[in-house]
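> Sequence isn't available, so here's the structure alone:
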């Protein structure tokens, strides 16, 4: 099953400094049919104006993955972690028993990112944060794990959930495939470009909720950058 969720039909809010689209219920947007997808709870498509951002606020018991599409985001938290994550790179915060953090766009132009929340397998534990670059060239024509709760994904940032966040860059005409367990919940977003997935066309910033699929076959129509969560 593949359920297309066109970008233009997503929930959202415009706060001036922040323009957000929500693939699932979040803040003022509530849809009882879209409370999450398996362990995937939040997928926000955020545009953050230059010199603005999210002031210090708390989180607990959530794996928060930030995929920067354009610009950069600067992180600071109550554990003393600080860092700047730029386009193409990824940061992960495991909120654990509780942490406070801020996220600011200190750049001169708009930052665009995906913020993805995954429910952890267990509650509590010490919070942690990490970031690393994932050059787009290294994922050309194939999916690469960016964040993962599986030990075999040694190059991915660790998360505390039985889930993976993967990304691929494809040129028009290229194909990519991904094997999934039929019981898993996959969610695919085209950060840019257009692809066909088992006959369903997915355009820029559209989402697709996928389950009961064992072999995900993707054909690139226009040069594309894809991000996918594979969750329990």
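Received the coordinates, thanks. Computed from a prediction, not measured in an experiment: that's the story for all the values here.

> Report back the residue of this protein that's furthest from centre.
Going by C-alpha atoms, centre = their mean, the residue of the chain most distant from its centre is residue 173, 24.7 Å out.

> ok, and the closest non-adjacent residue to that one?
Closest residue in space to residue 173, ignoring its immediate chain neighbours: residue 220 at 6.4 Å, by C-beta to C-beta, 6 or more residues apart in numbering. C-beta coordinates here come from the backbone N, C-alpha and C atoms, glycine included.

> How confident is the prediction for that neighbour, by pLDDT?
pLDDT for residue 220: 98.

> List the beta-bridge partners for the residue positioned nearest the centre of the chain.
Nearest to the mean C-alpha position of the chain, counting by C-alpha atoms, centre = their mean, stands residue 116 at 4.1 Å. When assigned by DSSP bridges, residue 116 has beta-bridge partners residue 43, residue 65.

> My read is that it contacts residue 228, right?
No. With contact defined as C-beta atoms under 8 Å, residue 116 does not reach residue 228; the gap is 10.4 Å.

> Can you work out which residues contact both of the two?
Jointly contacting residue 116 and residue 228 under the rule C-beta atoms under 8 Å, 6 or more residues apart in numbering are residue 165.

> low-scoring stretches of the protein, by residue?
Under the criterion pLDDT under 70, no range of the chain is flagged.

> Show me which residues of the lengthiest strand in the chain are buried.
Ranked by residue count and defined by DSSP state E, the top strand of the chain is strand 215-231. For strand 215-231, a neighbour-count test (16 or more other C-beta atoms under 10 Å) marks 216, 218-221, 224-231 as buried.
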